[in-house]
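# Okay, predicted coordinates and the sequence, questions at the end:
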Amino acid sequence: MENKEQLDRIRHSCAHLLAAAVLDLYPGAHNAIGPAIENGFYQDFDLGDKKITEEDLPRIEEKMREILKTWDSFQINEVSVEQARKDFAHNPYKLELIEAFAKEGKSITETKQGGFLDLCKGGHVHHPKNDSKHFRLLSLAGAYWKGDVHNKMLTRVYGTAFKTKQELDDYLRMVEETKKRDHKKLGRELELFLFDETAPGMAYWLPNGLIVYNTLYDYAREQYKNFGYQEVATPMINKKELYETSGHWEHYRSDMFISPMSFLTNESDDPLQGSEVFGVKPMNCPNAMRIFAFKTRSYHTLPLRFAETSSLHRFELSGTLNGLFRIRQFRQDDAHIFITQDQIEEEFSHTMKMVAKMYEPFDLSYRLRLGTRPEKFMGETKDWEHAEKMLKNALDASGIEYVTAEGEGAFYGPKVDILMKDSLGREWQTGTIQLDFQQPKRFKLEYIEKDGSAKNPTVIHRAIYGSFERFLGILIEHYAGKFPLWLAPVQLALLPIADRHVEYAKKLYQDFSKEGIRVTLQDSQSTLQAKIREATLQKVPYMGIIGDKEITDEVISIRSREGEDLGKLSLSQFLQKLKEDIDKKA
RNA sequence: GCCGAAGUAACUCAGUGGUAGAGUAGCUCUUUCGUAAAGAGCAAGUCGUGGGUUCAAGUCCCACCUUCGGCUCCA
């Protein structure tokens, strides 16, 4: 933690340095704020009618190095409001901050180094000249003043800094490595999926990608059986009344629903004027409620677990789309579990066990985040308290690390989010488990209790992968495209050395295919080296080389994508090894 | 949506107003090869789309589409 604080000091100092350099190079520019952030620092600028482009960054960096020579120390002085107003009379952003601090009764401090004066609360290195010299400017972005869309868009310059040159270089190398693993790049190279301008924000799944997708789905289905789920499918397009009942139409109409449409009727060109207005479903819950309502339900049948993986569509803003990570059409390994109030803790534990099982094959570590009652919430405080207590009990019992995020629950109930850490140490939110008392009531759902009375069930909404799309995107980057055998689109590439080996290779191809192995036969007119290269670039886990020796001895020479020679194995020996590894999901 | 950048052959990219290019992939032929790229040839482009300026536009201007980096981190 001490390290983190020191790093923040280094970076915060660099943010000042960046401000000094830009103000020097762009007279009339104003700097706004410039904090240290998770991976570096930034500084926001109002450049008037001037612009900074990526090409200017080296020049700014050079200026920073020049100015840094004159920065021996940071001097922090507390000043009066009047003095601060005078010092920053030219800078409307600093003035706004000064007025805000004056109102709050905070003391106002200024920092001065070299000839540069800034408004600052402190937190710098002692000797910038020596301590803050390993920095690099990285990128530019627009950002609103105070993060508010109604305010002016400022130019944000991002950079990073480290204590040593070694650490800086390591970080920059890691950034390069991340770029190489980019799932959008690998998605093309490995022919997994494509994005096309005919359908912005929606993936076309290519044969290889769909194999991985369906393999993830198959695994989820296997677990449905083990954990007592039943799979259902419900309509994609529903009358808006369904979403009015659930509350989604009112809460999310503009940001969730792809344009409402008039369906089955042709009364008007304006879909909202037709008497029958429909929406493309952005979530499955309302339909799940209708399935529960299908017949009279008894307490005997609870928990009742319905899994559904229908396609969902959400209107994500164009600028937020990002490959498979943020997408407009996706499927979730979604489920709705109907329970009694008394079953919350037990069912939550049951769900946590399923989470553990589902994540087991991916060698990903994860932690949990409990979101409690938000400021704006629906329902009774006592129900919330009961539910939160049940969740906490179950979390404690699970033994998995978790943090509590106060006020971060959904408006209809508390929730637990699953945060997954990938091989580069990046954290992603994937699954979520949410309690809901509201929708069952809005849909007037009831089950018959032991004593014959009718009661509202409670619902657990949960998705474990989250969306298949996002989860797969994470896996692609986690594995750098080298899927484990059970997920690999092609598990074995057969490489005959010369034409006379093709016939035998074809027979092997048939044998492996019959046994359910995903195998390809590379029988083009190229050298063995070229075939190996091709299969390695496609990240096929195993290559089976077939030449004269192999045919004589009825074996296959096995090479891994890592270049390892696994020796000569007979068909049955190798098949057994493959099947074992696939079963183990190794 | 907003700020910034990009879009040229299937892919990666070069091309600053005057005849659209390279490498890779593809196809054809030759080669039949032992653990990461054999050789030769051929074919392949509405230069994202639509307007405009100009004798002349991939290149300059305008609008739109798509993609990417950001828009949460608070002196």
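All right, it came through fine. Numbering: from 1, shown residues only, chains lettered A, B, ... in the order given.
# Near A:Lys295, how many other residues are there?
For A:Lys295, the tally of surrounding residues (other CB atoms under 10 Å) stands at 7. C-beta: built from backbone N, CA, C; applies to glycine.
# does it count as helix, strand or coil?
Under the three-state scheme (DSSP: H, G, I helix; E, B strand; the rest coil), A:Lys295 adopts coil.
# And it, how far from A:Lys179?
54 Å (CB to CB, to the nearest Å).
# Same question for A:Ile418.
Relative to A:Lys179, and taking CB to CB, A:Ile418 is found at 26 Å.
# if you count what's nearby, which of these two comes out ahead?
A:Ile418 (25 against 9).
# which is the next helix or strand following the strand or helix carrying the more buried one?
Assigned by DSSP states H and E, A:Ile418 falls within strand A:415-421. Downstream of strand A:415-421, the first helix or strand assigned by DSSP H and E is strand A:427-436.
# tell me the centre residue of chain A?
Nearest to the mean C-alpha position of chain A, by CA atoms, centre = their mean, lies A:Trp428 at 4.5 Å.
# I'd assumed A:Leu472 was in contact with that one.
No - with contact defined as CB atoms under 8 Å, A:Trp428 does not count as touching A:Leu472 (12.0 Å).
# What values do phi and psi take at whatever residue of the stretch 401-550 of chain A ends up closest to RNA strand B?
Relative to RNA strand B, the nearest point of the stretch 401-550 of chain A is A:Gly547 (2.4 Å; CB to the nearest atom of the strand). Here is the backbone geometry of A:Gly547 (degrees, to the nearest 10): phi -130, psi -160.
# what residues are up against it?
Residues in contact with A:Gly547 (CB atoms under 8 Å, 6 or more residues apart in numbering) are A:Pro496, A:Ile497, A:Ala498, A:His501, A:Ser557.
# and what of A:Leu575?
So, once contact is read as CB under 8 Å, 6+ apart, A:Leu575 ends up touching A:Asp511, A:Phe512, A:Glu515, A:Ile517.
# And A:Tyr229, by the same measure?
Here A:Tyr229 is in contact with A:Gln223, A:Arg305, A:Phe306, A:Ala307, A:Ala335 (criterion: CB under 8 Å, 6+ apart).
# In the stretch 1-150 of chain A, what residue spans correspond to helices?
Taking DSSP state H, counting those that start in this stretch as the test, the helices found in the stretch 1-150 of chain A are A:2-25, A:57-68, A:81-87, A:92-104, A:128-131.
# so A:Tyr465 is in which element?
With DSSP H and E as criterion, A:Tyr465 is part of strand A:458-467.
# brain fart, A:Glu550
Per DSSP H and E: A:Glu550 is located in helix A:548-553.
# For that helix, buried residues please.
Neighbour-count burial for helix A:548-553 flags A:Glu550, A:Ile551 (criterion: 16 or more other CB atoms under 10 Å).
# same question, stretch A:223-232
A:Gln223, A:Tyr224, A:Phe227, A:Tyr229, A:Val232.
# Those residues into a markdown table, with extra columns for distance to A:Ala89, secondary structure and pLDDT?
Output for the buried residues of stretch A:223-232, formatted as a markdown table (distance: CB to CB, whole Å; DSSP: H, G, I helix; E, B strand; the rest coil; pLDDT from 0 to 100):
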| residue | distance to A:Ala89 | secondary structure | pLDDT |
| --- | --- | --- | --- |
| A:Gln223 | 65 | helix | 97 |
| A:Tyr224 | 67 | helix | 97 |
| A:Phe227 | 66 | coil | 97 |
| A:Tyr229 | 66 | coil | 97 |
| A:Val232 | 66 | coil | 97 |
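# Please identify the deepest-packed of the helices of the stretch 1-150 of chain A.
helix A:2-25 (a mean of 20; mean count of other CB atoms under 10 Å).
# quick one, phi/psi of A:Gly123?
In terms of degrees, to the nearest 10, the main-chain angles of A:Gly123 are phi 100, psi 50.
# Roughly how far does the closest residue to it other than its chain neighbours sit from RNA strand B?
The shortest distance from A:Gly123 to any non-neighbouring residue, by CB to CB, 6 or more residues apart in numbering, is to A:His12 (5.2 Å). Distance of A:His12 to RNA strand B, computed by CB to the nearest atom of the strand, to the nearest Å: 8 Å.
# quick one, what contacts A:His12?
A:His12 touches A:Gly34, A:Pro35, A:Ala36, A:Phe41, A:Gly123, A:His124, counting by CB under 8 Å, 6+ apart.
# residue boundaries of the strands in the stretch 101-250 of chain A?
Read by DSSP state E, counting those that start in this stretch, the stretch 101-250 of chain A holds these strands, from start to end of the chain: A:108-113, A:116-119, A:134-144, A:153-162, A:193-195, A:203-205, A:230-231, A:237-239.
# right, so those strands: which one is the most enclosed?
Mean neighbours per residue, mean count of other CB under 10 Å, is largest over the strands of the stretch 101-250 of chain A for strand A:153-162, with a mean of 21.
# Indicate whether that strand makes contact with RNA strand B.
Yes - residues of strand A:153-162 contacting RNA strand B under CB under 7 Å from any atom of the strand: A:Met153, A:Thr155, A:Arg156.
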